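Engineer: A structural model of the following input is requested.
(chains A, B, C and D)
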2 protein chains.
Amino acid sequence: MNGTARRPRRHDPGRRDRLVDAAIAVIAERGVAGTTHREIARAADVPLGSMTYHFASLDEVLAEAFTRHASSVADVFDERLGAAPDRDAAVEAVISLVADDLLGSAHDLVLTVELYVAAARNPALKAVTQAWMGRSRRALERHFDATTARELDALIEGLVLHSALSTDPMTPEQIRHAIHRLLR
Amino acid sequence: MNGTARRPRRHDPGRRDRLVDAAIAVIAERGVAGTTHREIARAADVPLGSMTYHFASLDEVLAEAFTRHASSVADVFDERLGAAPDRDAAVEAVISLVADDLLGSAHDLVLTVELYVAAARNPALKAVTQAWMGRSRRALERHFDATTARELDALIEGLVLHSALSTDPMTPEQIRHAIHRLLR
DNA sequence: GCGCCATGCGTACGAGCGTACATATGATGT
DNA sequence: ACATCATATGTACGCTCGTACGCATGGCGC
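Structural biologist: Here you go, the predicted structure:
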């Protein structure tokens, strides 16, 4: 009756990590509201009991998932801006980051907005959000003064959000135009 | 045993409207995730059965609540921008709108972000979001060209969002600076 | 080689949920 | 005055959820 073969799962080091990854995937697909122990366990192909063994609560899973997501997005941000030799290159890096986020993955945007909502009522996640925003601000401040960094950061957020929710998303040229206009 | 007096509730015209208002309050306070038939009924002080009588499903309640919220925010937007006699006045109106939104009510921002998340997985709410964005774009286009309107709209969104989530919210002067910088 | 215990597993429980539905009631047209 | 029926109410059902917990198992120190 058991159609799908069961892999031997004893001694599965790193299972906790895989569970966090599975949680990220579930949040992206079904939203925080649709993220349950059972759903995560199914996504990671582990039994339900494994969740309560590795995590004290569902909130703990969410916190780790969002922390990992934020950190990996910030890594890309840091890396690309760090590689820019001068201000002009930094501007190009920002444009490319925004355009990639937009065209590449609505996936990441959904996770981000889900995080914002969750953070509104969960202090731990609020801290995650703020740490993330701090990192991106600091990355921008390598090339721009503090005021400019903050304004640019806000513009980026708005561009990504509006583009993703709009029927008629902004083109890379429009993104470029907006960013150059603020920085001109 | 029944400590709280029960108002006579028969023949309560406009109850449906009050329920939608109660739903808005509950969403703002507890989030979409914490919004249930029972919670809304409690907030409006009506029995649970009243919910299923007035609404076919919980989704219907959410849709009406978000529609009303979006429409009332857009009304303010329209009104203030419509009253501006020239471009300079329109810029001031935008600055004041952003600063009021920020300083006045985190309440509205929470509702907005909740709407974005809900819209990501609910086509009806996506339509509500897009109609709303369309209205604010059109309001801006009374005073700015289409490209400027779109860029300004995005900047506004980012400023409000970042300010609200930041430990150190932007001051009205900083808001003014950012907006003037884009439009300069 | 072997026992111990960290790790993995299955199941059960109580709570809260959306929704259905049978019944009660009073405003309204006559 | 009264019958009607839209409106209002209380309760119950079936489901999914988070979490607890007792049992199984096999890697590792001895």
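Engineer: and the strand or helix carrying A:Ala28, does that touch DNA strand C?
Structural biologist: Secondary-structure assignment from DSSP states H and E places A:Ala28 in helix A:15-30. Yes - looking at helix A:15-30 against DNA strand C by CB under 7 Å from any atom of the strand, the contacts come from A:Arg15. For the C-beta atoms, the positions are set from N, CA and C on the backbone; glycine is no exception.
Engineer: Quick check: buried residues in that helix?
Structural biologist: Neighbour counts using 16 or more other CB atoms under 10 Å in any protein chain shown place A:19-28 of helix A:15-30 among the buried residues.
Engineer: do stretch A:90-106 as well
Structural biologist: A:90-91, A:93-95, A:97-99, A:101-102, A:106.
Engineer: Give me the contacts around it.
Structural biologist: Counting by CB atoms under 8 Å, 6 or more residues apart in numbering or on different chains, the neighbours of stretch A:90-106 from elsewhere in the structure are A:76-77, A:80-81, A:83-84, A:108-109, A:140, A:142-144, A:152, A:156, A:159-160, A:163-164, A:169-170, A:172, A:175-176, A:179-180, A:183.
Engineer: Which of those are buried, as a PyMOL select command?
Structural biologist: Typed into PyMOL, the next command selects the buried ones out of the contacts of stretch A:90-106 (criterion: 16+ other CB under 10 Å):
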select buried, chain A and resi 77+80+81+84+108+109+140+143+144+152+156+159+160+163+164+170+175+176+179+183
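Engineer: excluding its backbone neighbours, what's nearest the residue of chain A found nearest chain B?
Structural biologist: Using CB to the nearest CB, A:Gly158 is the residue of chain A that sits closest to chain B, at 3.0 Å. Take A:Gly158 and drop its neighbours on the chain: the residue closest to it by CB to CB, 6 or more residues apart in numbering or on different chains is B:Gly158, 3.0 Å away.
Engineer: For chain A, what lies in contact range of DNA strand C?
Structural biologist: A:9-13, A:15, A:46-50, A:52-54.
Engineer: didn't A:His69 look like it was pressed against A:Leu111?
Structural biologist: Yes - in this structure A:His69 lies within contact range of A:Leu111 using CB atoms under 8 Å: 5.3 Å.
Engineer: Name the residues contacting each of these two.
Structural biologist: Taking CB under 8 Å, 6+ apart as the contact definition, A:His69 and A:Leu111 share the neighbouring residues A:Ile24.
Engineer: which regions of chain A lie under the pLDDT threshold?
Structural biologist: Flagging of chain A using pLDDT under 70 yields the residue ranges A:1-10, A:102-104.
Engineer: Would you pull up the residue in it closest to DNA strand C?
Structural biologist: Residue nearest to DNA strand C within chain A (CB to the nearest atom of the strand): A:Gly49, separated by 2.5 Å.
Engineer: ok, back up a step: just the closest of the buried residues of stretch A:90-106 to DNA strand D, please.
Structural biologist: Nearest to DNA strand D among those is A:Ala106, at 23.7 Å by CB to the nearest atom of the strand.
Engineer: In chain A, which helix is the longest?
Structural biologist: Using DSSP state H to define each element, chain A has its longest helix at helix A:58-83.
Engineer: Go through that one and flag the buried ones.
Structural biologist: Buried residues in helix A:58-83, counted by 16+ other CB under 10 Å: A:58, A:61-70, A:73-74, A:77, A:80-81.
Engineer: related to what we said a few turns ago, what's the ChimeraX line that selects buried ones from the residues of chain A next to DNA strand C?
Structural biologist: One line in ChimeraX is enough to select the buried ones among the residues of chain A next to DNA strand C; burial here means 16+ other CB under 10 Å:
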select /A:46,50,54
